[in-house]
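In: no sequence for this one, just the structure:
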């Protein structure tokens, strides 16, 4: 099922992201970059389990928020994957620690969550 497709943003919900705080200025800057240069990398989603949405963000929540909330686009390119909770969690951790920094509490909570699993 791994394929990139344009998904309706209203069908997508954030996953259980380690990142809880999203700086409005940084989201705006990201949105302006996407508007000027396009989206360099699609977000990654998996089928949602919440019963309300069709898809859950695994990687790219900042991109998702910039496109859906700041730019108000109706669709977003997304890599659709079948992932277990453990696989999604591992991808999310790599994404968050490799990009814009988590604050120290978020990073600590992220690692503790993996230890608990």
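Out: Now that the structure is in, tell me what you want to look at. All values reported here derive from a predicted model rather than from experimental measurement.

In: which stretches of this structure form strands?
Out: With strands called from DSSP state E, the chain shows them at 3-8, 12-13, 43-47, 55-59, 75-80.

In: mind giving me the packing neighbours of the shortest one?
Out: What it means is strand 12-13. strand 55-59 (3 or more CB pairs under 8 Å, 6 or more residues apart in numbering; DSSP states H and E). No exception for glycine: its C-beta is placed from N, CA and C like everyone else's.

In: repeat that for the first one.
Out: Other elements packing on strand 3-8 under the criterion 3+ CB pairs under 8 Å, 6+ apart are strand 75-80.

In: returning to what we had before: what's the most buried one of the strands of the chain?
Out: Mean neighbour count (mean count of other CB atoms under 10 Å) peaks for strand 55-59 among the strands of the chain, with a mean of 24.

In: what pairs with it, parallel or antiparallel?
Out: strand 12-13 (parallel), strand 43-47 (antiparallel) (DSSP bridges).

In: distance to residue 89 and mean pLDDT added to these, as a markdown table?
Out: Formatted as a markdown table, the strands paired with strand 55-59 follow (distance: least, CB to CB, whole Å; pLDDT from 0 to 100):
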| stretch | distance to residue 89 | mean pLDDT |
| --- | --- | --- |
| strand 12-13 | 16 | 95 |
| strand 43-47 | 11 | 96 |
